[in-house]
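Undergrad: Need a 3D model of the following:
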Amino acid sequence: MCGIAGFYQVNHAFNQSDLKAMTDSIAHRGPDADGFFLDSHVGLGHRRLSVIDLRAVANQPMWSHDNRYCIIFNGEVYNFKEISKGLNVPLKTAGDTEVVLELFAKEGTKSVHKLNGMFAHVIYDSLEKTLYLFRDRMGIKPLYYYWDGNLFVFGSELKALLKNESVRKNISINQEAVGLFLHLGYIPQPHSVYQNIYKFPAGSFAVLKNNQLKIQSYWNPDDKIKSETLNDFADAKSQLKNLVESSVRYRMISDVPFGTFLSGGTDSSLVTAVAQSISNEPVNTFSIGFKESKYNESEYSRAVAKHLGTRHHEFEVSYNDAIPLMDSILDSYDEPYADSSAIPTMLVSKLARQHVTMTLSGDGGDELFFGYGSYLWAKRLNNPLVKNSRHILSLFLSSLSNRYKRAANLFRFDSTNDLRSHIFSQEQYLFSRREVENLVLPEFKKSVVIGKEPPLARKLSAMESQALFDLHYYLKDDLLVKVDRASMKYSLEARVPLLDYRIVEFALNISSDLKYHQGTMKYLLKELLYDYVPRELFNRPKWGFAIPLQNWLKKELRYLIDEYLSEQTIAKNGVVNYQIVEDLKKRFFAGEDYLYNRLWQLIILNKWFLEKKV
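TA: Numbers count the residues shown, from 1 in each chain. Sure thing, here's the model as predicted:
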């Protein structure tokens, strides 16, 4: 796991100090070594976190055996040993980077189809003066780029690009991204908060030569959807078991100590159980809990760890532990990002890094196997009777208690074109599109529909469509971003076994009835889990990995509302309508607790505008 940064220009005027400033800004991603390459066209910089082959010979940038190609690589390719057998090239290292490089030297851009892993890497052809960029299928590893038709700058995090003076001079606020953030709580690909800086698309590669940039998709979940689904439970469970075991085994390859994040939920428990079944010694497991009992699942993770026989580490968190991270969250995420579960993810990463260098995470299970309440809402709202009476239902529910007021918002949609994003935003307690248009000032009223489904090999159910939306957006641009920045803040590598592309393709083509069965969410995944851990350990509500934000905003974090949602601050930033914000504050403190996430979004947005780096 590492950090990469660099630039490409036909006649560039940059030097190694420019490149070093970029890589120094992401030193947390790779504290073990740095390296640079420059010629008349390109600059490549690398920060290394050593996980496989810890020797200096495996440092980067790395050159191919024929000295034509140079690579900087962030991530891990797990099947590198199998690939290496077909290269017929003497290898100097025992890691994956050299294998990826020599495979490219042999097969070109087609080589990416053979890679199983999480990666963002850049290869320079010194003969043809051509730059190639690759990002893994699911977008697990980040890659940003700036492009103005002349200068190309890239990096693992936004902050690296902002160290380039030419970039800073030629960017402005992406007004479209502000509305998307308020609607979703994150900024979706390809947007960033800045004009001319983009998130490189997942499952894609790019070729840059003679100031011509061409980006091409090599993998898209939409293309992997088949005309028929697998309906047989026994067959599906057997296939899933083999896939999960293979994926976890791959991701346990490491030359440094590793462990797992264990929340006590289905996904992390399954990953941990499979890892422990493979390991010859107790696996390190890490969990945190909150002193506020509703959010404290540590007793459940402790019970799972005890049953599996892991070496368990847990940390009980209070407001005092979380507050320093609240103040610095924008330093890690670089742009407005409102997922408050980033805080506990940072805390558990900090705990884990005291013991290991790499962890396994359970991300992906909810999106692939129907784990969210939003999927049930998609099913409800797909009912023609509910659709036709939604306005009446909304009026009625809005006159009831807070729980029903919140539900009333889900019925307030005008078009099926943005129904997926509407369901997501309201299930997350965020702003609807209509609310965003009323909230932002005129220059930020940029309406963009996301989530419109292309033609597919079969017609998806409402639940499948909602899950596919999450796979394209929420998972990639919120959850994976959260885990990457939170773990890499402490130089900790996090691997995600359930997002092996083979598992993703399998899950896309099993019957919905195997995912949601007789009121049970994630049915198939849970039935597999019960082969390892007793089902009675999981007979409880799902809370998710959350902090008691609504309570803290009324007490310990009240100062954030006072400081960043004041009339003076909002007028200075000039983004949103203060009267609407004032109304939200009054309603929240009067008892409408479900508005807490909207206020948190507004705090993050106004804090970012006050502290923005350019």
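
Undergrad: hey, let's count contacts and neighbours off CA atoms from now on
TA: Fine.

Undergrad: Listing request: residues of the stretch 401-550 of the chain with sub-threshold pLDDT.
TA: Across the stretch 401-550 of the chain, the ranges flagged by pLDDT under 70 are 448, 540-546.

Undergrad: Give me the distance between residue 196 and residue 491.
TA: Going from residue 196 to residue 491 by C-alpha to C-alpha, to the nearest Å gives 29 Å.

Undergrad: Looking at the two, which one has more neighbours?
TA: residue 491 (26 against 18; other C-alpha atoms under 10 Å).

Undergrad: Which secondary structure state is assigned to that one?
TA: Following DSSP: H, G, I helix; E, B strand; the rest coil, residue 491 is assigned to coil.

Undergrad: what about it, distance to residue 48?
TA: 10 Å.

Undergrad: which residues in the stretch 401-550 of the chain form helices?
TA: According to DSSP state H, counting those that start in this stretch, the stretch 401-550 of the chain carries its helices in the segments 402-410, 419-427, 433-439, 462-472, 474, 480-488, 501-507, 523-529, 549-554.

Undergrad: Which one of these lies nearest to residue 93?
TA: Of all the helices of the stretch 401-550 of the chain, it is helix 480-488 that lies closest to residue 93, at 24.4 Å by C-alpha to C-alpha.

Undergrad: elements contacting the closest one?
TA: helix 319-333, helix 342-353, strand 493-495 (3 or more C-alpha pairs under 8 Å, 6 or more residues apart in numbering; DSSP states H and E).

Undergrad: Next SSE downstream of the second one?
TA: To tie it back to what came earlier, the one meant is helix 342-353. Where DSSP states H and E defines the elements, the next helix or strand beyond helix 342-353 is strand 358-360.

Undergrad: same question for the next helix or strand after that following strand, mean pLDDT?
TA: Downstream of strand 358-360, the first helix or strand assigned by DSSP H and E is helix 365-369. What helix 365-369 shows for mean pLDDT is 98.

Undergrad: How far off centre is helix 365-369?
TA: How far helix 365-369 lies from its chain's middle: 14 Å, per C-alpha atoms, centre = their mean, to the nearest Å.

Undergrad: Please apply the same query to stretch 11-27.
TA: Mean-position distance between stretch 11-27 and its chain equals 26 Å (C-alpha atoms, centre = their mean).

Undergrad: What is the end-to-end distance of it?
TA: Distance between the boundary residues of stretch 11-27 (C-alpha to C-alpha) amounts to 28 Å.

Undergrad: buried sites along that stretch?
TA: 14, 18, 19, 20, 21, 22, 23, 24, 25, 26, 27 (16 or more other C-alpha atoms under 10 Å).

Undergrad: As TSV, those residues with secondary structure would be great.
TA: What follows is these, written out as TSV (three-state DSSP):
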residue	secondary structure
14	coil
18	helix
19	helix
20	helix
21	helix
22	helix
23	helix
24	helix
25	coil
26	coil
27	helix
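
Undergrad: Tell me which two of those residues sit farthest apart.
TA: 14 and 27 (20.2 Å).

Undergrad: In contact with residue 249, which residues are there?
TA: By C-alpha atoms under 8 Å, 6 or more residues apart in numbering, the contact set of residue 249 is 275, 278.

Undergrad: Average pLDDT for the host helix or strand of it, rounded please.
TA: Assigned by DSSP H and E, residue 249 belongs to helix 233-251. Averaged across helix 233-251, pLDDT comes to 98.

Undergrad: following it, which helix or strand shows up next?
TA: strand 258-261.

Undergrad: contacting residues around the following helix or strand past that following strand?
TA: Downstream of strand 258-261, the first helix or strand assigned by DSSP H and E is helix 266-278. Helix 266-278 is contacted from outside by 244-245, 248-249, 252, 260-263, 282-283, 285, 301, 304, 308, 310, 360-363, 365-366, 497-498, 525-526, 528-529, 532-533, 538, using C-alpha under 8 Å, 6+ apart.

Undergrad: what angle sits between helix 266-278 and helix 233-251?
TA: 70 degrees (axes from the mean of the first three to the mean of the last three C-alpha atoms, to 10 degrees).

Undergrad: buried stuff in helix 266-278?
TA: 266, 267, 268, 269, 270, 271, 272, 273, 274, 275, 276.

Undergrad: ok, the fifth one to residue 243 distance?
TA: In this structure, residue 270 lies at 13 Å from residue 243, with C-alpha to C-alpha as the measure.

Undergrad: so what pLDDT did the residue nearest to residue 552 when sequence neighbours are not counted get?
TA: Nearest non-adjacent residue to residue 552, counting by C-alpha to C-alpha, 6 or more residues apart in numbering: residue 558, 7.1 Å away. Predicted confidence (pLDDT) for residue 558: 94.

Undergrad: Give me the neighbour count for residue 558.
TA: 12.

Undergrad: how close does it sit to residue 581?
TA: The value you get for residue 558 to residue 581, if C-alpha to C-alpha is used, is 15 Å.

Undergrad: And residue 66, by the same measure?
TA: For residue 66, the distance to residue 581 - C-alpha to C-alpha - is 61 Å.

Undergrad: For these two, indicate the residue with more neighbours.
TA: Taking other C-alpha under 10 Å, residue 66 and residue 581 do not tie; residue 581 has more neighbours (19 against 8).

Undergrad: Surely that one and residue 562 touch.
TA: No - under the criterion of C-alpha atoms under 8 Å, residue 581 makes no contact with residue 562, lying 11.7 Å away.

Undergrad: for residue 351, what are its contacts?
TA: Counting by C-alpha under 8 Å, 6+ apart, residue 351 has contacts 286, 315.

Undergrad: is it true that residue 175 touches residue 446?
TA: Yes - the pair residue 175 / residue 446 is scored as a contact, 7.1 Å apart, by C-alpha under 8 Å.

Undergrad: what sits against the residue most central in space within the chain?
TA: Residue closest to the average C-alpha location in the chain (C-alpha atoms, centre = their mean): residue 480, at 1.6 Å. Taking C-alpha under 8 Å, 6+ apart, we find residue 480 in contact with 139, 140, 141, 363.

Undergrad: From residue 422, how far off is it?
TA: 21 Å.

Undergrad: again, but for residue 588
TA: 22 Å.

Undergrad: quick one: which of these two has more around it?
TA: Neighbours per residue (other C-alpha under 10 Å) separate residue 588 from residue 422, with residue 422 holding more: 27 against 19.

Undergrad: mind listing what the closest residue to the more buried one other than its chain neighbours touches?
TA: Using C-alpha to C-alpha, 6+ apart and skipping the chain neighbours, the partner closest in space to residue 422 is residue 432 (6.1 Å). Taking C-alpha under 8 Å, 6+ apart, we find residue 432 in contact with 183, 422, 425, 426.

Undergrad: Closest one to residue 569 out of these, please.
TA: residue 183 (21.3 Å).

Undergrad: Which helix or which strand is home to residue 99?
TA: Here residue 99 is assigned to helix 96-107, by DSSP H and E.

Undergrad: got the phi/psi numbers for residue 71?
TA: Here is the backbone geometry of residue 71 (degrees, to the nearest 10): phi -120, psi 140.

Undergrad: Could you check the pLDDT of it?
TA: The model's pLDDT for residue 71 equals 98.

Undergrad: Would you mind confirming that it makes contact with residue 121?
TA: Yes - Residue 71 is within contact range of residue 121, at 7.1 Å (criterion: C-alpha under 8 Å).

Undergrad: Show me what stretch 565-580 is in contact with.
TA: By C-alpha under 8 Å, 6+ apart, stretch 565-580 touches 438-441, 444, 563-564, 581, 602-603, 606, 609-610.
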